[in-house]
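Novice: Just to be clear, the model below is a prediction. Sequence and coordinates:
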Amino acid sequence: MERITVAQARREESVGKDAVISGWVRTRRDSKGGFSFLELNDGSCFGNVQVLAEASLANYESEIKKLTTGCSVRVEGSVLKSPAKGQATEVKATKVDVYGYADADSYPIQKKGATMEFLRTIAHLRPRTNTFGAVARVRNQVSRSIHDFFQEQGFLYIHTPIITASDCEGAGEMFKVTTLDLNNVPTAEGKVDYAADFFQKPAYLTVSGQLQGEIYACALGRIYTFGPTFRAENSNTSRHLAEFWMVEPEMAFFDLYDNMTLAEAFIKRIVSDVLNKCDEDVKFFAERIDKEVPARLDGFLKSEFLRVPYTEAISILEKSGQSFEYPVKWGIDLQSEHERFLTEKHFGKPTILYDYPRTLKPFYMRVNDDGKTVRAMDVLAPGVGEIIGGSQREERYDVLVDRMKECGLDPETYQFYLDLRKYGTVPHAGFGLGLERTLLFITGMGNIRDVIPFPRTPGNAEF
RNA sequence: UCCCCGAUAGCUCAAUGGUAGAGCGAGCGGCUGUUAACCGCUAGGUUCUAGGUUCGAGUCCUAGUCGGGGAGCCA
């Protein structure tokens, strides 16, 4: 007998088929007539398929009547047009086999609502809920769209290293990677003797694949990386993870404006794919998680992103008459209250801020002719803040060396990076997009710990 | 890391310093196709932990643990 998914069984074309469906019981409803309805889900789609189990089945009293939320079953039967409202099809069972029961006294997932905080403590069972199933499918779709978008445009997918020995960028605290016995650390001249360590020098988990990405972009043109990234910052917020996924495209012969155009097309592609391919999941997010989701995504797709220089943004803020906790002045880093005012109140649409003061940004961003600003850009979305950060890179050897020194870095340790400018240098640009932040924006979920299967945060590496 | 808030049944939440309750879930019974089904009955508790105040603490105090909201840092 043909094996089909719940998604297939729910489609009208399947009516008339005899098939096998396997999945987990979401609910059982006993009808007045002495038979039961089972709602079955197997993850293939948001919805469940309704299984009709009649009392004439051999194990009706002994097994089927004992099924509760979480039990796993195999159903043989025929797909019929459903006579009742609520679903197009249903499966009339000719045989129901139980793979495993889920003791209802202890199984923590029930039909009615549980809090996200509680579900987080049972991360091994939470993908069986509507919410986490939907998040997983949307996360999968976004990941796929990332690859589709870049592959269609001829970008190469480059695998940059997870372990790195260059303590660079100052992009937050890094996790150390070592095989040294921490209870008995070898020392030399009173300091840790890294010569005795695996890499014979300090090594870390990557905070960005950008520098390695630039190496490949400066040879092969257009590349992207997509993988896990690690930050050892002691951040306890709904927007930070110690381990998260980041997409970083890098393009030779792109200037900052090319970069903006690409970033906008990229993020719009992701959003429109989710709307087109995860409609049931999006509908659920709109109904149960965040009512604003459809309007926000729709507005996002329809509006042209604004492009506003930092200097202009500052003067808008200064003239706004708003009182901010952090006073506005040229040269300050924009706080979330400032970004929110600009995108939500003043512009009311996604906005790309660019040309930031050089003192605020890392050494690798290209210095403008004014000498005061660099070719940086942040894409700000209403409701979520920064979702993309990028820049045109400094391609002039001497300027780059000066900037390294200015940022307190030793140019000698970045010789490989300088070589890209020494030999056949090219203008190039790139950006980074945080996968989980994008998912917050798309799903309306409130906490970043709930859009990654197994969140790692300070004090938490369970499961 | 800083500020604020919270922790009571499997889950979601009540309870003026004076006998710990409800809804859902579960078990049993009822109900002629149900849709988070419905109706009745039953079982279910180390009130986060350790101290303290009090005749008496879920409630007040101190410390800790865990969680949430906000901020900083950032993606």
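Specialist: Received it, and whenever you're ready, just let me know what you need.
Novice: Spell out, range by range, the strands that occur in the stretch 201-350 of chain A.
Specialist: A:203-205, A:222-230, A:243-252, A:306-309 (DSSP state E, counting those that start in this stretch).
Novice: Could you pull out the helices in chain A for me?
Specialist: Ranges of helices in chain A, per DSSP state H, are A:6-9, A:116-120, A:130-152, A:210-220, A:256-277, A:279-284, A:293-302, A:310-319, A:336-340, A:397-406, A:415-422, A:435-443.
Novice: Counting neighbours, which bits of the lowest-mean-pLDDT helix or strand in chain A end up buried?
Specialist: In chain A, the helix or strand scored least confidently by mean pLDDT, DSSP states H and E is helix A:336-340, which has a mean of 87. Neighbour counts over helix A:336-340 (16 or more other CB atoms under 10 Å) mark A:338-340 as buried. For the C-beta atoms, the positions are set from N, CA and C on the backbone; glycine is no exception.
Novice: Check stretch A:408-425 too.
Specialist: Of the residues in stretch A:408-425, those buried by neighbour count under the rule 16+ other CB under 10 Å are A:409, A:411, A:414, A:417-418, A:420-421, A:425.
Novice: Could you single out the nearest of those to RNA strand B?
Specialist: residue A:409 (15.1 Å; CB to the nearest atom of the strand).
Novice: Skipping adjacent residues, who's closest to that closest one in space?
Specialist: Of all residues beyond its chain neighbours, the one nearest residue A:409 is residue A:363 (6.2 Å), with distances taken as CB to CB, 6 or more residues apart in numbering.
Novice: sorry, back to before: nearest to residue A:211, of the buried residues of helix A:336-340?
Specialist: Closest approach between these and residue A:211, by CB to CB: residue A:339, at 27.0 Å.
Novice: Any idea what residue A:243 is bridged to?
Specialist: Beta-bridge partners of residue A:243, counted by DSSP bridges, are residue A:230.
Novice: quick one: contacts for residue A:401?
Specialist: Going by CB atoms under 8 Å, 6 or more residues apart in numbering, residue A:401 touches A:411, A:418.
Novice: how close does it sit to residue A:331?
Specialist: The spacing between residue A:401 and residue A:331, counted by CB to CB, to the nearest Å, is 24 Å.
Novice: Identify the residues contacting residue A:125.
Specialist: Residue A:125 sits in contact with A:70, A:108-109, where contact means CB under 8 Å, 6+ apart.
Novice: Please indicate which of those residues are buried?
Specialist: If you count burial by 16+ other CB under 10 Å, the buried members of these come out as A:70, A:109.
Novice: Narrow the contacts of residue A:125 to those in strands?
Specialist: Among those, no residue falls in strands (DSSP state E).
Novice: Could you check how far residue A:443 is from residue A:246?
Specialist: 18 Å.
Novice: Would you mind telling me which of the two has more residues around it?
Specialist: The residue with more neighbours, out of residue A:443 and residue A:246, is residue A:443; 27 against 20, by other CB atoms under 10 Å.
Novice: doesn't residue A:293 make contact with that one?
Specialist: Yes - contact criterion CB atoms under 8 Å: residue A:443 and residue A:293 qualify, at 7.1 Å.
Novice: Residue A:242 - how many residues pack around it?
Specialist: For residue A:242, the neighbour count with other CB under 10 Å is 21.
Novice: likewise residue A:166?
Specialist: 16.
Novice: could I get the buried residues of stretch A:408-425 as CSV with pLDDT and distance to RNA strand B?
Specialist: Output for the buried residues of stretch A:408-425, formatted as CSV (pLDDT from 0 to 100; distance: CB to the nearest atom of the strand, whole Å):
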residue, pLDDT, distance to RNA strand B
A:409, 85, 15
A:411, 90, 22
A:414, 90, 18
A:417, 94, 17
A:418, 96, 22
A:420, 97, 20
A:421, 97, 22
A:425, 97, 24
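Novice: Which pair of the residues you listed spans the longest distance?
Specialist: Spanning the widest gap among these are A:409 and A:425, at 19.0 Å by CB to CB.
Novice: Phi, psi for the residue lying farthest from the centre of chain A please.
Specialist: For chain A, the residue at maximal distance from the C-alpha centroid (CA atoms, centre = their mean) is residue A:56, at 48.2 Å. Backbone dihedrals for residue A:56, given as degrees, to the nearest 10, come out at phi -70, psi -10.
Novice: Just want the residue of the stretch 251-400 of chain A that's nearest RNA strand B.
Specialist: In the stretch 251-400 of chain A, the residue that lies nearest RNA strand B is residue A:335 (3.6 Å; CB to the nearest atom of the strand).
Novice: check contacts around the closest residue in space to that residue that isn't next to it in sequence.
Specialist: Using CB to CB, 6+ apart and skipping the chain neighbours, the partner closest in space to residue A:335 is residue A:326 (4.6 Å). Counting by CB under 8 Å, 6+ apart, residue A:326 makes contact with A:332, A:335, A:337-338.
Novice: Please apply the same query to residue A:132.
Specialist: A:119, A:126, A:450.
Novice: Am I right that residue A:307 is in contact with residue A:354?
Specialist: Yes - applying CB under 8 Å as the test, residue A:307 and residue A:354 come out as touching, 6.6 Å apart.
Novice: Distance of the residue nearest to residue A:40 when sequence neighbours are not counted relative to RNA strand B?
Specialist: Excluding its sequence neighbours, the residue lying closest to residue A:40 (CB to CB, 6+ apart) is residue A:23, at 4.3 Å. Applying CB to the nearest atom of the strand, to the nearest Å, one obtains 16 Å for the distance of residue A:23 from RNA strand B.
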